[in-house]
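**Student:** Pasting a predicted model and its sequence here:
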Amino acid sequence: MKSFNTLKFEEVEAAIGLITMNRPETLNAIDMEMLDELEELFKILKDDASIRVILITGEGRGFSAGADIRDAVTYRESNAFSDPATFLITVQERYASLILGLRKIPQPVIAAVNGPAAGGGFSMVLASDIRIACPEAYFVASFINIGLSGGELGTSYLLPRLIGLSRASDILLTGRKLWAKEAHAIGLVNRVIPKEKLIDEALSYARMMIQKSVGGLKLTKTVLDQNINAPSLEAAINLENRNQAIMVFSSEFFKLVESVMKEGKEPKD
């Protein structure tokens, strides 16, 4: 795996990769270089079957402050800000591709939120599959606080699906801080763990996942992505049926069933 300037990536245990956003002096704000490097890393991970689960966190005292707003000041007079259409292509869609790229990698993603997660950092947390946080962590949909729409980088899609429309409206319309304790209470965060144990907790989830079959993990992530918008129960079940038919004919199914039976346990779905 190549090295990066704004990221650190390591295989912390067999089949488990850890992405650490590494701009602690800016609270891991996402600049154009980090966007490029995350895009490159996601392309690598998409084709890397040896890495089966991804952890993502931030270096230093926080997860990520989101887009580096200093870029907006720096580039205000550049061609990128010459008109809305140019800005859409050169800036807005590039940042949005970060969230799409995170969702498209086949590995389940566990966000270990070690401090503030604001703006695009908050969006990355929402785009992860499992979210754990330390008590000092907080979340801010800060877009509306700087004169933008609260619907940014997938927040208006992901957040209502996680916590419901009313609670999402509260967070997106006010731009207020949501501390880890409240985030856990409303179902946004799976667990709140002391900061020094955060990565260990994320690893405990990852270790359980890598005991499952490769196809089982990938197809579970896919079915959750697609069936959240299924037009009907029947359509959702049809996709589940298709996935199960594929997995029954994989090499894993009967091997695991036989293993369970040898242990003297009743096989379970």
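**Tutor:** Noted; the coordinates are in hand.
**Student:** what about the stretch 151-269 of the chain, any weak spots by pLDDT?
**Tutor:** Along the stretch 151-269 of the chain, the parts satisfying pLDDT under 70 run over 264-269.
**Student:** which stretches of it form strands?
**Tutor:** 178-179, 191-192 (DSSP state E, counting those that start in this stretch).
**Student:** how about stretch 146-158: buried residues?
**Tutor:** For stretch 146-158, the buried set under the neighbour-count rule, 16 or more other Cβ atoms under 10 Å, comprises 150, 152-156, 158. Just so you know, the C-beta spots here come from the backbone N, C-alpha and C atoms, and that holds for glycine as well.
**Student:** Mind listing residues that contact that stretch?
**Tutor:** If you take Cβ atoms under 8 Å, 6 or more residues apart in numbering as the criterion, stretch 146-158 is touched by 69, 95-96, 98-100, 119-120, 122-123, 126-127, 141, 143-144, 168, 172-173, 175.
**Student:** can you do 6 Å?
**Tutor:** Taking contacts as Cβ atoms under 6 Å, 6 or more residues apart in numbering, the residues outside stretch 146-158 that touch it are 96, 99, 120, 123, 126, 141, 143-144, 172.
**Student:** tell me how far the ends of that stretch are from each other?
**Tutor:** Here the two ends of stretch 146-158 are set 21 Å apart, with distance taken as Cα to Cα, to the nearest Å.
**Student:** so how far is it from its chain's centroid?
**Tutor:** Per Cα atoms, centre = their mean, to the nearest Å, the displacement of stretch 146-158 from the mean C-alpha position of its chain is 16 Å.
**Student:** How many neighbouring residues does residue 2 have?
**Tutor:** Residues within reach of residue 2, counting by other Cβ atoms under 10 Å, total 8.
**Student:** Going by secondary structure, it is in what exactly?
**Tutor:** Under the criterion DSSP states H and E, no helix or strand holds residue 2.
**Student:** What's the separation between residue 193 and residue 180?
**Tutor:** From residue 193 over to residue 180 the distance is 9 Å, taken as Cβ to Cβ, to the nearest Å.
**Student:** show me where this structure has helices.
**Tutor:** Listed from the start of the chain, the chain has helices (DSSP state H) covering 32-46, 70-74, 84-87, 93-104, 120-127, 155-163, 165-174, 180-185, 198-210, 214-227, 233-248, 252-262.
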